[in-house]
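Q: Okay, sequence plus prediction incoming.
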Amino acid sequence: MLQEKHVMTMLVDNEPGVVSRVAGLFSGKGFNIESICGSPTNDPQVSRITIATQANAPVVEQIEKQLRKLVNVIKLRSLNGPRCVRRELALACVRIKPAQRAEVLRIVELFNGKIADAGASHLIVEVSGEQEEVQTALNLLKPFGIKKLARTGPIGLIREPT
Amino acid sequence: MEMTGAQIMMAVLKEEGVDTVFGFPGGAVIDIYDELARTDIRHILVRHEQGAVHAADGYARASGKVGVCLVTSGPGATNTVTGIASAYADSIPVVILTGQVPTHLIGNDAFQEVDIVGITRPCTKHNYLVKSAADLGRTIKEAFYLARSGRPGPVLVDIPKNVASGRADYQPVGEIRMRSYNPTYQPHPKQLRSAVRHIEGARRPMIFAGGGVILSGGSEELTRLARRARIPVATSLMGLGAFPGDDPLFLGMLGMHGTYAANMSTGACDLLLGVGVRFDDRVTGKTDAFASQATIVHIDIDPTSIRKNIPVSVPVVGDCRISLQRLNEMIDDTRLGNTTAKRADWLTRIAGWKDSQPLSYQQDKAIKPQYVVNQVHALTRGEAIITTEVGQNQMWAAQYYRFNRPNHFITSGGLGTMGFGLPAAIGAQIACPDKIVVDIAGDGSIQMNIQEMATAVQYELPVKIVILNNGYLGMVRQWQELFYGKRYSATCMNCAPDFVKLAEAYGAVGLRATRPEEVVPVLNEGLAVRRPVIMDFVVEAEEGVYPMVPSGAPLTEMLLV
């Protein structure tokens, strides 16, 4: 069956061990985590964890049911389709020669990125946006030599009714 | 009111109506034990912490209440893991209270420190580390609530020594509500209507009932539904007793060692109503071939059980008892029609399967294990609580002791834990002091928790241990015989103790039968005495459990005797 990328977001109790329960469920049941991102919400007792996975539809159904069953998971929603806003942040440390600086800056500008740090032979580039957009930016930066890379994986929210 | 952590614990246990705790003391729980001794809660001192959890499990299954055990940190806690995993696999409500090193030592590799919350995360319904005495009351209260509600299961609470000895204000917590935990008890009316239409319209329906029916107290509703709509009933191992074993509509157990009639019916039915089951691999055989002509309706309180292993046409998430009750209310007798006429062909076909291949064995010079179970059934008039170890003994108990009532068959179904039966029998006997409790055991598995004989003797619990002694780890031997060219690698137990002398060494009664004519006299003597008894039945060494569906084969392809 077709393996598709699937993103899910959940509100959980902001308590020690909760991420371990969520991640342990994936490893214990043989599901795969592509990325995981979590932090507290505006309610300090509640955190939001967003997970991207590759799985076929019945497995996704089972993962979501299993996650909902965890006592610390308050609410879980699927983050797919046009009703969702999804963003990812990437920090890439790019190796550059002086002559390449201008071209890298153009790419960064094209993707509304920022320069987070700069040195004689490197730039740390910050790019955010839809995951595909971030990926394109990284693809363009790749030929210069990406020394280090950090990506959040997708986070997102479901749009409110207008 | 200001109290110590240990006093708060006792207050909550009393509120929860706990009358018995199974446990084993140690340094980290010494404050709790000190306080426990000041209450009227009965403490049963086991000989190994695994036994404490199995005993609490047996107590829970026999009584319908939450079982409780109390152990110390480190090895005390790790010894409970097999017991916890067993209770988790069978959805049994148990609260496990473990001691922990003081909070300031956690993470320091202190003496008798383990991260038991981390270790048991995947085999508990939920677990807690309590960091302050002020949180203790609510946490333990939540643990009981989680253990018994929804799909029940074990919940562990880890209590550091300084939390038990520390002081905090305690007010009774009252009813627990948790925003992140709301089991669905009430089934969705639309799904039920769909289920009702299928039941009314089916020509060849069958019910497949499991442990969920027993756990929810749904046996009466199930029996009502089956008799009214004349639907034959098969059960899982865990479901034995959910429907009367003597009822003509009873097909027997389904699955790898299920009856011919039950397995054949599954292949031929046009409606399979699964209630409180999870369609595990031992039941379905090859999943593609399972109930391949049937519409499957699946009722379970745990949504993860539905569509996990097999596709389901009508999923119903809800409590089994409530769902069955609603079905009984909603089914229309007019639409159901004359079930006698409607079912005649189907029930005749089933009767044919039952008659052609009943459960059977050949009696000869050696004692047959099936005969022993048959005689246990006859002499206890089918009213005993039966616990089992795991393997052939378990399957023969399931096949030959016809269970007519729920909560009378106590077996490690999901995890398949050898060494379960004796401590579970101890727990069941404490829950039901007036019942005859029999552990049907093998010579291999009884040795896994034999130390609990001392517990049975100490508390004068007249549990009866029936050892079907074939000198082998019989179920593995059977697989080796059938699928591994009779190469009996490591399955011959040729150095067992003398079980009669062993019983006597513990201060129990030991009896032995080696010939068929000795079986009934030994059972009569053993069942009559009000003391723990080991009855050692030296049985046919290479007897097999049949029918048998080879692992991964379709259910209808059984090896018969």
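A: In hand now; what should we look at? Residues are numbered from 1 along each chain as shown, chains lettered A, B, ... in the order given.
Q: List the buried residues of stretch B:60-79.
A: B:60-63, B:65-74, B:76-79 (16 or more other CB atoms under 10 Å in any protein chain shown). For the C-beta atoms, the positions are set from N, CA and C on the backbone; glycine is no exception.
Q: ok, now stretch A:12-27?
A: Result for stretch A:12-27 [16+ other CB under 10 Å]: buried residues A:12-14, A:17-18, A:21-22, A:25-26.
Q: and the longest strand along chain A, what does it pack onto?
A: Counting residues, the longest strand found in chain A (DSSP state E) is strand A:84-95. If contacts are counted by 3 or more CB pairs under 8 Å, 6 or more residues apart in numbering or on different chains; DSSP states H and E, strand A:84-95 sits against strand A:122-129, helix A:131-141, strand A:146-151, strand A:155-158.
Q: Just name the most buried of these.
A: Comparing the helices and strands packed on strand A:84-95 by mean neighbour count (mean count of other CB atoms under 10 Å in any protein chain shown), strand A:122-129 comes out on top with a mean of 20.
Q: can you list the residues that contact stretch B:402-412?
A: B:58, B:61-62, B:64, B:86, B:89-90, B:213-214, B:217, B:219, B:237-238, B:240-242, B:244-246, B:377, B:382-388, B:390, B:394, B:397-398, B:401, B:420-421, B:424-425, B:428 (CB atoms under 8 Å, 6 or more residues apart in numbering or on different chains).
Q: can you tell me which of those are in strands?
A: B:385-388.
Q: got the buried residues for the longest helix seen in chain A?
A: In chain A, taking DSSP state H as the definition, the longest helix is helix A:57-69. Counting neighbours by 16+ other CB under 10 Å, one finds that the buried residues in helix A:57-69 are A:59-67, A:69.
Q: ok, the residues you listed vs chain B, which is closest?
A: A:Lys65 (4.4 Å; CB to the nearest CB).
Q: Please tell me I have it right and that closest one contacts B:Pro315.
A: No: here A:Lys65 does not reach B:Pro315: they are 10.8 Å apart, not a contact under CB atoms under 8 Å.
Q: between the two, what contacts are shared?
A: The contact lists of A:Lys65 and B:Pro315 share B:Pro303, where a contact means CB under 8 Å, 6+ apart.
Q: Return the backbone torsion pair for the closest residue to chain A within the stretch 251-400 of chain B.
A: The nearest approach of the stretch 251-400 of chain B to chain A comes at B:Thr304, 4.4 Å away (CB to the nearest CB). The phi/psi pair for B:Thr304 (degrees, to the nearest 10) reads phi -70, psi -20.
Q: For it, give its distance to B:Met178.
A: Remark: distance between B:Thr304 and B:Met178 (CB to CB, to the nearest Å) = 18 Å.
Q: what's around B:Gln375, how many residues?
A: 20 (other CB atoms under 10 Å in any protein chain shown).
Q: Just the pLDDT at it, thanks.
A: If you check B:Gln375, the pLDDT there is 98.
Q: Surely it and B:Val522 touch.
A: No: look at B:Gln375 against B:Val522 with CB under 8 Å: they stay out of range, at 9.4 Å.
Q: For chain A, list the residue farthest from the centre, please.
A: A:Ala99 (32.4 Å; CA atoms, centre = their mean).
Q: Report the secondary structure state of that residue.
A: helix (DSSP: H, G, I helix; E, B strand; the rest coil).
Q: any idea of the pLDDT on it?
A: 91.
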